[in-house]
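**Q** everything below, folded, please.
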Amino acid sequence: MNLIQLSTLIENLEERGELKTFEGTPFIDLSQYGVGKLVGGGKMDKKIVVAVEKWTERAEKAIKDAGGKVISPREIEGVAS
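**A** Numbering: from 1, shown residues only. Modelled structure (predicted):
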C-alpha cells in the first residue's frame, strides 16, 4: 500500500466513524486490511500512527513529518481502542 491509498483508507474510516486511536492519536493497523508493507508513494498530511509489518524509509519519513509514527503491530497488542 502507498501513502495515497493509506490516506484514502483513513478518510473512509473517518467518515464511517471507525478510525481507532492509539495514545490519543488516530491509528490504523494495516494488517487488519491484509497489508504487509507500506511504501512512500504520495504524501501524508494527517498525524496518524500506522501499524504495519514492513515499511520503507520514505513512508516513515512522510508519516513522521506529519507528526505521526510507524510501528510494528506487536507494539500495540491490547492497547488500541
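
**Q** name the residue closest to the centre of this protein, please.
**A** By C-alpha atoms, centre = their mean, the chain has its centre lying nearest to Val50, at 2.6 Å.

**Q** does that one count as helix, strand or coil?
**A** The three-state label given to Val50 by DSSP: H, G, I helix; E, B strand; the rest coil is strand.

**Q** may I have the phi/psi pair for the nearest residue to it once chain neighbours are set aside?
**A** Excluding the flanking residues, the one nearest Val50 by C-beta to C-beta, 6 or more residues apart in numbering is Val70, at 5.0 Å. Quick note: C-beta positions are derived from backbone N, CA and C, even for glycine. Phi and psi for Val70, reported as degrees, to the nearest 10, are phi -110, psi 130.

**Q** circling back: ok, the residue nearest to the centre of the chain - contacts?
**A** 6, 27-28, 30, 38, 63, 68-71 (C-beta atoms under 8 Å, 6 or more residues apart in numbering).

**Q** can you give me the distance of Ile76 to Arg58?
**A** 23 Å (C-beta to C-beta, to the nearest Å).

**Q** and what of Ser7?
**A** 15 Å.

**Q** show me what stretch 33-41 is in contact with.
**A** With contact meaning C-beta under 8 Å, 6+ apart, stretch 33-41 is reached by 1-4, 6, 9, 30, 50, 52-62, 70.

**Q** elements contacting the lengthiest strand in the chain?
**A** For the chain, the strand with the greatest residue count under DSSP state E is strand 25-29. Judged by 3 or more C-beta pairs under 8 Å, 6 or more residues apart in numbering; DSSP states H and E, the packing partners of strand 25-29 are helix 3-15, strand 20-22, strand 49-51.

**Q** no further queries at this time; thank you.
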